[in-house]
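K.L.:
Dropping a prediction and its sequence here:
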Amino acid sequence: MDDLIKKIQNRYAMTVLHHKTIRDTSKSLVIYLETTNGKFIGKVFPLEKERLHFILNAEAHLRKNGVLIPDIQRTENNKRYISHKENVLVLHKRLSWANIAYNSPIRMERIGIVLGKFHARSLGFSSRHGELYHGAEKWSGEYKADLAAIEKWELRHAGKKDQKYAVIAEYLPFFKQAGKTAKEHLLSSRYFSKWKKEPLSNHFLCHGDFNNGNLLVSNQRIAIIDWEDVRYDFPSKDIARVLSLAMRKNDQWNEELFSHLLRGYLQENPLSIEQLHLLFVDLAFPHIFERFLRKKLYAQMGLAEIQQLCNREALKTAFMLDEMKAHV
C-alpha cells in the first residue's frame, strides 16, 4: 500500500493526508483518500486496457450528455489512470451523499426517471471496442442455457426427500413454462431480430449493477457510481436489477412500486410498443429463479424464505407474461 500511495502522490501531484481500505479482493482494491486536492475514491483493477477505455469513454459520453457521474481526477500529465504493478488505478472524486432507498412509490419513480434519463442519453455512444461488450448477441444463448439449467437441476434433484426441494418443486413447472413462453416470444420478435443488427451507437448502455448502493442522492440530484459492468444492452437488464432489489427489500411483489418505476422511466425514455414487448419478455423470463438454483442460494435459506422468494418471483413473472402478451 505504501508504494501505491507514493505513486498517487507523485503522479497526481498531491499529498495524501489519510487513506483507508474500503474493499480488498482478488477482483479489485478500493481505497478512500483524503488529500490536499480533496477527497477521492481510488479503484485498482486487473482490467484489460480495452475494457478500461470502454468504461471511461462511456462515462465521459454520459457526463457530456447530462448524466451525473463523479468526475475522474486526471494526473499531472492529464492521464485518466495510472498503472500499478499489473493493474490500473482510477481516482474518482468522492461525493459525501446518502444512498437512495427503494421503499416507496415516489422514490421508485425518481429512480425510474434517473434510469430512463441515463438510457436515453446513452444513445449515440460508439467505441472501437464495442463488439466485446455487446449484450444483444448473448440473449438467445442465455435463454437456452438458463432453461436447460433449470431442467438439469430438476433432474438432478428428482426423488430427493428434502423439504427445500419440495417447496421449489411446486414452482418448477410454472417457471419452466414461463421461460419457454418468453423464449418463443423472443425468437419470434421482429424487433429483437432487427435490434441485434443495429449499429452499436443505436443500442442503449446498461449500467450492469444499478442498485441503491450505486445511487447517491442529495436533495433532487442523484449521481450514479461504479460503472465497472457497463455494456451495450437493453433497458430490461437495469430495470430487472432495480425490481429484484426492491422486491427483496419489501419481501414481496408490489405492482404499485413497479408501475411507479416504469412511469418515471418512460417519462424520460419513451419506448415503442415493440420495445415494451421486448422489455416484458425479458422481465418475464425466469433469470432470477435460474440464478437462485445455480448459485444454490436456497442452501442458506429457511423454508419460509424459499417459499417467499419463489412466490414473489412467480407473481412478478405472471404479471410480466400478461404484459408481454398485451404488447405484441
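P.N.:
On my side now, so go ahead. Numbering: from 1, shown residues only.
K.L.:
so where do the strands sit in this structure?
P.N.:
All strands of the chain, identified by DSSP state E, fall at 16-24, 29-35, 38-45, 82-84, 87-93, 98-99, 204-206, 215-218, 221-224, 231-233.
K.L.:
among these, which is nearest Lys249?
P.N.:
strand 98-99 (12.0 Å; CB to CB). Quick note: C-beta positions are derived from backbone N, CA and C, even for glycine.
K.L.:
Mind giving me the packing neighbours of that closest one?
P.N.:
Using 3 or more CB pairs under 8 Å, 6 or more residues apart in numbering; DSSP states H and E, the elements in contact with strand 98-99 are strand 215-218.
K.L.:
If you count neighbours, what's buried in the strand it packs on?
P.N.:
Leu215, Leu216, Val217 (16 or more other CB atoms under 10 Å).
K.L.:
can you put the strands of the chain in a markdown table and add distance to Arg241 and mean pLDDT?
P.N.:
Compiled in a markdown table, the strands of the chain are given as follows (distance: least, CB to CB, whole Å; pLDDT from 0 to 100):
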| stretch | distance to Arg241 | mean pLDDT |
| --- | --- | --- |
| strand 16-24 | 20 | 93 |
| strand 29-35 | 20 | 94 |
| strand 38-45 | 20 | 92 |
| strand 82-84 | 30 | 88 |
| strand 87-93 | 21 | 93 |
| strand 98-99 | 15 | 92 |
| strand 204-206 | 9 | 98 |
| strand 215-218 | 11 | 93 |
| strand 221-224 | 13 | 95 |
| strand 231-233 | 11 | 98 |
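K.L.:
The lengthiest helix in the chain packs against which elements?
P.N.:
With secondary structure taken from DSSP state H, the chain has its longest helix at helix 163-188. When contacts are defined as 3+ CB pairs under 8 Å, 6+ apart, helix 163-188 sits against helix 139-157, helix 273-284, helix 287-294, helix 303-326.
K.L.:
And that helix, what's buried?
P.N.:
Neighbour counts over helix 163-188 (16+ other CB under 10 Å) mark 164-165, 167-168, 171-172, 174-176, 178-179, 181-183, 185-186 as buried.
K.L.:
Tell me which of the strands of the chain sits most buried.
P.N.:
Among the strands of the chain, strand 204-206 has the highest mean neighbour count (mean count of other CB atoms under 10 Å), at a mean of 25.
K.L.:
Report the distance from that one to the chain centre.
P.N.:
Strand 204-206 has its C-alpha centroid displaced from the chain centroid by 10 Å (CA atoms, centre = their mean, to the nearest Å).
K.L.:
mind listing what it pairs with, with the direction of each?
P.N.:
Partner strands for strand 204-206, per DSSP bridges, with pairing direction: strand 231-233 (antiparallel).
K.L.:
on that earlier part again, looking at the helices and strands packed on helix 163-188, which is nearest to Val44?
P.N.:
Of all those, helix 287-294 comes closest under CB to CB, at 28.1 Å.
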